[in-house]
Every structure is written in C-alpha cells, then in structure tokens.
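**Q** Next come a sequence and a model predicted from it.
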Amino acid sequence: MNELGSPLETFREEARELLEQLEQNLMQLEEHPGDHDSIDGAFRALHTIKGSGNMFDLDDLVGFTHIVEAVFVRVRDGKLPVSRELIDLSLQARDHISRLLIEAESGSRDTATSERSRLLSMAFEAHLGDEALGASGRRSDEQDAAAPKDSEHQPEGECTYRIEFTPAADSFLTGANPLLILNELAELGTILKIGYCEAIPDLKEIEPEHCYLRWVILLTTDHGENEVRDIFIFVEGSAEIKIDVIDEVDPLIGESGYKRLGEILVDRGEIERKDLESAVSSKSYIGEVLVKKGFVSEEQINSALKEQNYVRDIRENRRTVETSTTIKVKVEKLDELVNLVGEFVTMHAGIAMVADRKNDQDFRAAAEQMEGLIRQVRDLSIELHMVPVEILFSGYRRLVRDLSEDLSKQVQLKLEGTETELDKNVIDSLKDPLLHIIRNSIDHGIESPEVRKRKGKPPTGTLRLSAYYSGASVVIQVVDDGAGMDVERIRQKGIERGVIDNSDRYSEQDILQLIFAPGFSTNEEATNVSGRGVGMDVVRRNIEAIGGSIRIQTEKDVGTTLSIRIPLTLAIVDGLLSRIGDSLYLINLSYIVECLDLKDVRTAGNGGDMIDFRGEIVPFLDLRSYFGVEGVAGEHPQLVVVAIEEKKIGLVVDALLDKYQSVIKSLGKIYERVEGISGAIILGDGKPALMLDVDRLVKVTRDEVKK
Amino acid sequence: MSAVSKHDGETVETVETLGATAAAQAEAADTEKYLVFSVAEEKYAVEVVRVEEVIEAYGITAVPRTPSYLLGIINLRGRIVPVLCVRRRFGFEAAVTTTDTRLVVLQVRLGEELVSLGAVLDAVHGVVDISPSDIEKRPSLGNSGDQHIAVTSIAKFENELLLVLDADRLLTKEYLDDSYQHLGQTGQTGQTAVG
C-alpha cells in the first residue's frame, strides 16, 4: 500500500467521488433520458477516471472505462438513445469500475473480474454500432487516436472558434439576414464579432440592397463544430464560411502558447507567410510594418489584435473558474474552527467591556468594527459545517432501484425538502439507519404490482423521503403507500414473547415501538433483503445516539410513515431574542407569524384566555407565569404569534430585542425533561440563553384549551 | 490555596494540572489527592481526579421549570454545563454569594453517561493528600434529600474530619426523575415515555 496522501491515494479518493457522481447522473438520466447535463456529467466522470487511471498505468481500468466512455460519446452526440437497458448496463459498469479500483488498490487480480470485464466490454461494444474501436486494454492516448473521429471537431470542453463569414452580396434579397445568424451564434456561448467595413463603397455608389459587410466572429462554446455550422445552414450555398479552432484545452497538453499577431493573419489567409517573414525582419511593430507595406489593411490588423486579446481574456476567465472550485477539508478541522470562533466571540465581548470601561472613543470604535468582522467569521464557519440533506437522500436512488428490481416491485422514489440543511456529522450518522428503514419499506411495505392492483392501488408504489424543520428539530420522514403494519399481529407477537401483557393499557404507538426491540420480528419467512425487525433495534439505537427519536404511523393498506426527529444540536437557527424577566430566550424565526404589542390585541373567549388575531380566535400563553418568573412585566409586553403546522398560539414576553443567528447546543441529560425549552445558545458576551421549544409550547397550550 | 480560573480563560492554574501532579505524588507517597471544600459549615473532600476545574460562580443562566437545586447553565468555553447548588441539594437554605463562593466542575456518572456538572459551594480550601488508611467507610445514611446520601466515608486529616463526597451520588438519575415528577404534579402533562 502506498502511504496516505500519495498521488495514487488522491486518485482513488477522486475516482470514488467520480463514480458517485456517475451514479447520480445515471439515476437522473433514467428519470429524464434526454438530460444533457447528466449525459455530459456521466461522460466527464468517465473521461476523468480514464485519464487519471492512465497516469498510474492501471491498464485494466483504463481499457474498460474507455469502452464505456466511447458509448457515452455516442449518447452525447445523439447517436444512441438512453434506454433502460443502457442505464442498467452502465450501472453495472460503474460497479465494475469500482471493483477494478479496489483490485488496483490491493494489487490482487481476480480471474472472475477479468472475465466480467470481458463480458461487460462486449455488451458495451454492441452499443457502439458500426463505429470501430481500438482493442480494449490499450493505452488511451493511442486509443484516442484510433477512436472514431468524425470530420467535425468535437471538443472535450470549451473551445474557441474563429468563424470568417462573408455573406453573399445579394443575401438581403434572398432574405438571409446576417444579423439573425450572428444572434443565433451568440446564444451558443461567449462571442466577439468583428465587422469589416472596408468593402463599403462611397455613398453615391452604394446599392441599398447589397451586402458589403463581412465578419470575423470569435465564439467560445462547448458545442461541437457541426452545431456551429448548422447555424449557417441556409446561407451555406451562397456565403463564404470558414471555421477554425483557435483555442482549446487539450486535457493532456493543456493550452498551447499564445499566437502572435502575424500567425493570426497567416491563419486567416490575409497575408502570405513570405510577406510576413519579410516584415518580421524589420525592427518596428509588425502591425505598422505590414500596413505600411500594404500587405494588410489597418482594419485587418485591428481585428487580429482583437482576436489576440479575446483569447487571452477567455483563458484568464477559465483560470479563475478553475481556481474558484472546491477544496476538501477534514470535518475535524471545521469542528475546531467553530469552537475557536466561539472563543473568539467571547474574548471580543471582554475587549468590548474594557473599551466601555476606559471610555475611549477610538478603542470603542475599533472594538465595534471588530465585532462586525467576527460575526461574519462566525456565520461563515457555522455555514461551512452545514450540508443540504440532498446529499443523503439522493444516495438512496440506486438502492431503491436495485431493491425494487430484485423484489420485482415497482417503486418510485420522491424526495422532498432536500434543501433542508443539517450538520454534516448528523447526516453521516443518519446514513445507515435510513438505509435499513428504506429497505424495510420496500421489502415489507410496498406490495407487488399484482397485489396492489387487486387492492385498487396504482401498480407503482411511492416511497417518499422528506425533510423539514419542526420545532427545534429536523424531521426526516420515510413514507410508503404500502400494506401498512399489522398492529394486532405485533401485539400478539409481543405477548407471545412476554414483552407486553394481555392488558389494553398499551397504545398503538407503544405496540408499534415493539418492532425496535432487539430480535423482534413478525415475519415468519424472512427474505434475503430484510426481515421486519432485523436491524430495527440498531436503527433506533443509532438515532438515539444522536439524540433523536423515531415514531411510526401506519394504516392498513394505506401505508407507513416513519418519522425521525433529530434535535438541532448543531444545526443553525435564525431566531428572535426576547426577554422574560431577566432572562433572554430565542424564538425560532421560522415559526413566528407576527409580533404585536399586547395592548393592541383584544382578548376573547371565556375569561379572556384567548386572543382575537385578525379575526381568528387563538389561545395564548403568558411565558412569565409559565416559567414562574416573579414580578410584573414591563410597560410594553409583546405578543409573538407562532404557528406549527397551521396551529397558532400567542406567546407573551416582556420585550423583543434582536434577531440572532446561532448554533443550538443541547442542554444535556440533566435538563432533558424540561418543558418548553429545547436547547441553549451562547450570546455574544459569552452568557448562555435558552431556546424556546415552540413545538412543545403550542401543544401544551392547545391541550390546555381542549380541557 | 486552590487554583481558580475564570470563565474567560484567564486561568491562574487549573485543577487539572494539579490533579496530574497530585496523581504522581500520590503514587510515590501511597496517598490520594482530595479537593477540600465547605458547604454549610461542614468540610468535605472529593477526589481530585473527578474535578475538571474550579472557577468563580458567575454567569449562570437560570433554566425555568426545574427543581430548585438546579441553578441553571454556564458556558464553559463553548460547552453548556449544568450547575447545581450543593447547599440546596443537601437541604440547606441557599447562601448569599460571597467572594469565597466557587463553582467546581465535576465529572459525574448519570445513568450510563459521564457528564460534567457544576457544583456551587461555599468555599474551596485546597488540595490535600490523604492516605487510604485515614479514610473510613461508613454506610450512607439519611434520605435522598440529605447530604449524607452522597457521603460514603469519612477522612481524618490533620485533626479534622472531612466528609468524603461520592461525586456520582451528588445527583442520581432516580433522584432527578423524582424531582421532576414532583414538579410535574402541578397539573402539567408529563411526557408519554415509550419503550
């Protein structure tokens, strides 16, 4: 094995990520077969794996990947449609490349793997049609030469074309408007149009219906030459069109050097090479000399200069884009950063205090400026730690697909709330539990198409993964529209096993929770995928380990919903700071409907325990008395109207202060049972404040009203 | 005298380092290091290995709807640490905070977890060496609200008797659950615990 951090190590790491990307692209393609971005993405991933593998002499890997890539070239060029079969095959190829990588890593060679390489290669070659391909296993630089090449230029990425376009003089008469063509070209990418006016005669000789203009157009695009040429399709017969590639990035060589002015002119055929050579020998600027000698016009020189600058700009842009991409950072380093920034904030509060005490204006101003900066650093470092839940969710597409195939079921996966952000660490620890749950849902929840039809359901089952913020938690739900769980059967099983007794003091939820007991399974014939109960105890343990809880709702023949609630321990919350007595409390902004002065609110209901909120009768809770704060509120108590799933209540606080964005910290075991508080935040001065559990408060208040 | 550090990190000397040297000395002299403190006119000793640090008792944020002996939380360099008033826990009246009042952060076992718990005491007197032969086990007496429940033995030190505190008994899960239950009887709906 190589030591960590070696180039080979980096390659493997990269290749693994690329394979993941490939899989995502393939899954996307299955849903949207014509999606260009996905086709390009898949192609790029394959191409990069092949290219990098080549550097490490991984011949098996390179050879195999090349064939797959060649097929994707055809897909990209629209010569091969994306079929279910092709996706199947490509997914297998993806897995196989992964296997080849592992073998390369361990240095071992399995004959079974070689055989599989051969079989899969053959399957892919069948998709190549009549396009010949060099024998597999050859090095890719040779292959690229041997690979089918059309007469057209097919760029690997972006490239710049020089298009010399001289419309026919009578083109206005034939209705071919050059302007439309130029506009159409501009849609393909970045464009520079240089018009030549030198052919325009004196005004008195001008023919109004005559086209005197010609253009040199520089176009930077990732479209192929044929696509560019297609734009000229209606004028091809009459106009003079010359298309050359003047700048492209060769993946192996990189960019070629800048062309000199003279070379550009020769390329364009505006000057003979021998004339150029004669001009180069003189000492003055080449441009001036050429004009003076009458080899070219000033217009031509200016146009060539523009081309030179254009290419330089394009390249510089490309460089900026390349450098502003991503870098990888270890999560531990981010953890450390967040902690350090926290201490930084606290320390600054100390400095601000000193500044206040010394009553030094300059010192105070400096401290204030620093505060702004620290806030930015804090926000940024918190942000770095959060990732959208999409990363987690989309990883299951493949699982759902493969499983439903294995089990001959039809399952459609729907993702919702994928933009919900969660702490990276939380996401990582959710991976396995969710996998178990999804597996169970497909295996036991969703019925086979025949059974579903008999039940009057659509043959394709739906599995929905959704994420949303709720109270001080994030809720992740796995919803299936399958058979549901048989509560009675679980109860019987529980009694049989002596986990519960025969009384009716257990709620449905109590009984459903039994499936999380170790080794509890009602499934007599366990399938090879899962047995209900197998692993579910592990699921619960894992979720509880990150401070979460799990609930089940189920209805026979309608489906099952598993809701995982994970606390926002590390998630960031936008809140409103409010004061009750001497203490500050943070209220999650996302629940706040409106803030009002309590004086402006009319009470309603019996004994005035309700308020009239815009015509709606809403219960309210005086947090002062709820939290047992002595004394009386200030002069302007405020009413904060909050809502959870459309259920509104009013919360009365002494005063509202500021918006505040913060990481929520757990209060720990000792305060686990406190009602109405869900966590703590650390204020700018280092003192902790509490986070209101709006979810709970809404429930408590509304339950009270029901009584 | 004991080391005192402030919240803002201006540590004079942390007990952690004291603990390390203490452990080294203890090995040589066959004695154990104890932190000596007082609560309600009585002197106590707790194993130094259980002490994370000794700080001033300020910056405590109260948490409502909790048993009265729980004072709230502090921010200990980015960590939220719960704080308990030892006087109230032992059934005494809470004392007025003086310049001697200290907050000792202890490592205690709560259920299956090891947690940090801040304990507010009247004063900290320092770290002493006590030989095991000077410590006498005694059954813990009294009811759970009493200080004696957490005192498992008595140590003799320089003609004084020190009550040796078992940090794990300062707050047990059972006692905590019990106190919340008492709070809950004021008409609030308790949580429906399942599984």
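**A** Now that the structure is in, tell me what you want to look at.
**Q** Now do the strands in the stretch 401-550 of chain A.
**A** Secondary structure of the stretch 401-550 of chain A (DSSP state E, counting those that start in this stretch): strands at A:411-416, A:421-423, A:461-470, A:473-480, A:549-555.
**Q** quick one: A:Asn588 and A:Asp693 touch, right?
**A** No - A:Asn588 is beyond contact range of A:Asp693, at 9.3 Å (criterion: C-beta atoms under 8 Å). (C-beta placed from N, C-alpha, C; glycine too.)
**Q** so how far is the helix or strand harbouring A:Leu690 off the chain centroid?
**A** According to DSSP states H and E, A:Leu690 maps onto strand A:688-692. With C-alpha atoms, centre = their mean, to the nearest Å as the basis, strand A:688-692 stands 32 Å off its chain's centre.
**Q** Neighbouring strands of it in the sheet, and parallel or not?
**A** When pairing is defined by DSSP bridges, strand A:688-692 lines up against strand A:583-588 (parallel), strand A:677-682 (antiparallel).
**Q** more neighbours, A:Asn588 and A:Asp693?
**A** It is A:Asn588, of A:Asn588 and A:Asp693, that has more neighbours when counted by other C-beta atoms under 10 Å in any protein chain shown, with 23 against 20.
**Q** Least confident secondary structure element in chain A?
**A** The weakest-scoring helix or strand in chain A, judged by mean pLDDT, DSSP states H and E, is helix A:140-146 (a mean of 41).
**Q** Stretch A:693-706 near chain B at all?
**A** Yes - against chain B, stretch A:693-706 shows contacts by C-beta under 8 Å from any C-beta of the partner chain at A:700, A:703.
**Q** and what of stretch A:642-653?
**A** No - figure legend: stretch A:642-653 not in contact with chain B (C-beta under 8 Å from any C-beta); closest approach 12.9 Å.
**Q** show me the contacts for A:Glu299.
**A** A:Glu299 sits next to A:196-198 when contact means C-beta atoms under 8 Å, 6 or more residues apart in numbering or on different chains.
**Q** Mark which of those are buried, thanks.
**A** Buried members of the contacts of A:Glu299, counted by 16 or more other C-beta atoms under 10 Å in any protein chain shown: A:Tyr196.
**Q** Present the contacts of A:Glu299 as CSV; the columns should include pLDDT, distance to A:Gly631 and secondary structure.
**A** Listed next are the contacts of A:Glu299 as CSV, based on pLDDT from 0 to 100; distance: C-beta to C-beta, whole Å; DSSP: H, G, I helix; E, B strand; the rest coil:
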residue, pLDDT, distance to A:Gly631, secondary structure
A:Tyr196, 84, 86, strand
A:Cys197, 82, 86, coil
A:Glu198, 79, 90, coil
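**Q** contacts with chain B among the contacts of A:Glu299, please.
**A** Filtered for proximity to chain B (C-beta under 8 Å from any C-beta), the contacts of A:Glu299 leave an empty set.
**Q** re earlier: export the strands paired with strand A:688-692 as TSV, with columns for mean pLDDT.
**A** Converted to TSV, the strands paired with strand A:688-692 look like this (pLDDT from 0 to 100):
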stretch	mean pLDDT
strand A:583-588	91
strand A:677-682	87
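**Q** Nearest to A:Arg162 among these would be which one?
**A** A:Arg162 sits nearest to strand A:583-588 of all the strands paired with strand A:688-692, at 57.9 Å, using C-beta to C-beta.
**Q** contacting residues for whichever residue of chain A sits closest to chain B?
**A** When scored by C-beta to the nearest C-beta, chain A has A:Phe627 as its residue closest to chain B, at 3.6 Å. By C-beta under 8 Å, 6+ apart, the contact set of A:Phe627 is A:580-581, A:676, B:64-65.
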